[in-house]
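# Sharing a model that was predicted from the sequence below.
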Amino acid sequence: MKLKTLTTSLLVAGLVLGSSALMAADYVIDTKNAHAFVQFRVQHLGYSWLYGRFNEFSGKFSYDEAAPEKASIEVSIKTSSVDSNHAERDKHLRSKDFLDVDKFPQATFVSTSYTPGENGKGVLKGKLTLHGVTKTVNIAVESIGAGEDPWGGYRRGFEGKTQFAMADFGIMKNLGPKSKDVEMILSLEGIRQ
Amino acid sequence: MQYKNTTTHFGLVAVILHWLVALSVFGLFGLGLWMTELDYYDSWYKQGPWLHKSIGILLFFVIIFRLCWRWLTPPPVALSSHKSWEIRLAHMTHRLLYLLPLVTMLSGYLISTADNRSIEVFGWFSIPATITSIPDQEDVAGWVHLILASSLIALALLHAIAALKHHFIDRDRTLKRIFGG
């Protein structure tokens, strides 16, 4: 009996998921025309913020206004595209001290759940794979806007922020006590398919 | 010792240039390996590369001058006791010992100027960037820089071993000549 109930609920859940997947709109992140940014910042010596970004990435997300809790996203980042506006530093960031891009050419984020909050804000949970290490991270998401664009398409954008210690992902280079954490800022616009 | 070369002896200028380049090349190689492994908070973290680049740029001009000097006042001819294969191999090595530092320094220049930044030389003057659009320039140039520098050191060691061989085994005055003797 108990098993049957479980099976039934699984079936129902499957149906709900299936139907919502049909209803949910799928968006491709607009990297083609660069209306999406994967940025990061790290403190320099504790005196200022150093900003950088990844220039090459791709991804898609799914978002249904009627059921925002079903939202999902996946993003894949080419680690060698790191750009902190200084070639020597970028070379160092790509080296074994940091991203080790020869060994770990890709970083990925795949969401596992989304908890909508007030005023278009929410928390996106997912698995971030960086430097060959996969960890669950929470991204604080804010919906920026959505609507028709002037060229016949439909767009939707979010900004997400998260923070983690580089050492948690096996990046052990010591940049000082104030520079252990990196903040990621994902500013993404998707075009509805 | 006179300052120009003769058919039998190196002049003072050539001797000084030889040892200046030799010291600089080995110094830059050691400094380069050491400075890229430094801790971020090491006081040499900024000073090491600054020194490496400053000396490297100056060395480039020194070698250009050395080539001009060599053209103006050719080095002494090989000793008559040298075998023809020794002479051929030595000439090839010498040519590479001029060429390799130049291309090594060029590749180093391409690392630091990949993002259009110029290279400061001891705060005296700056060398501007020129080529900035090679794909993955700083990484490719960095890899080439290390390979060329390592090859240069290997070749310089071969050159030194050959000189020692002339001194201790052949017992001729090949090695003495580069000290002005």
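Thanks, I have the structure now.

# tell me the centre residue of chain A?
Central residue of chain A (C-alpha atoms, centre = their mean): residue A:109, 5.2 Å from the mean position.

# measure it to chain B for me?
25 Å (C-beta to the nearest C-beta, to the nearest Å). To be clear about C-beta, it is placed using only N, CA and C from the backbone, and glycine gets the same treatment.

# Look up the residues forming beta bridges with that residue.
Beta-bridge partners of residue A:109, counted by DSSP bridges, are residue A:75, residue A:128.

# Show me which positions of the lowest-mean-pLDDT helix or strand in chain B end up buried.
Of all the helices and strands that make up chain B, helix B:174-177 has the lowest average by mean pLDDT, DSSP states H and E, namely a mean of 94. For helix B:174-177, a neighbour-count test (16 or more other C-beta atoms under 10 Å in any protein chain shown) marks B:174-175, B:177 as buried.

# ok, of the residues you listed, which one's closest to residue A:35?
Nearest to residue A:35 among these is residue B:175, at 68.0 Å by C-beta to C-beta.

# list the contacts for that closest one?
B:163-164, B:166-167 (C-beta atoms under 8 Å, 6 or more residues apart in numbering or on different chains).

# 6 Å instead, please
If you count contacts by C-beta atoms under 6 Å, 6 or more residues apart in numbering or on different chains, residue B:175 has them with B:163, B:166-167.

# Next one: the closest residue in space to it that isn't next to it in sequence, what pLDDT does it get?
Once flanking residues are discounted, residue B:175 sits nearest to residue B:167: 4.0 Å by C-beta to C-beta, 6 or more residues apart in numbering or on different chains. At residue B:167, the pLDDT value in this model is 97.

# ok, residue B:167 - how many residues close by?
Residue B:167 is flanked by 14 other residues according to other C-beta atoms under 10 Å in any protein chain shown.

# Residue of chain A nearest chain B, please.
Shortest chain A-to-chain B distance, computed as C-beta to the nearest C-beta: residue-wise this is residue A:87, at 3.8 Å.

# which ones are touching that residue?
So residue A:87 contacts B:114-115, B:138 (C-beta under 6 Å, 6+ apart).

# same question, residue A:180
residue A:165.

# and if you look at residue A:155?
Counting by C-beta under 6 Å, 6+ apart, residue A:155 touches A:149, A:189, A:191.

# what stretches of chain A score poorly on pLDDT?
Applying pLDDT under 70 to chain A flags residues A:1-23.

# State the distance from the closest residue to residue B:59 other than its chain neighbours to chain A.
Using C-beta to C-beta, 6+ apart and skipping residues adjacent in sequence, the residue nearest residue B:59 is residue B:24, 4.9 Å away. Separation of residue B:24 from chain A (C-beta to the nearest C-beta): 22 Å.
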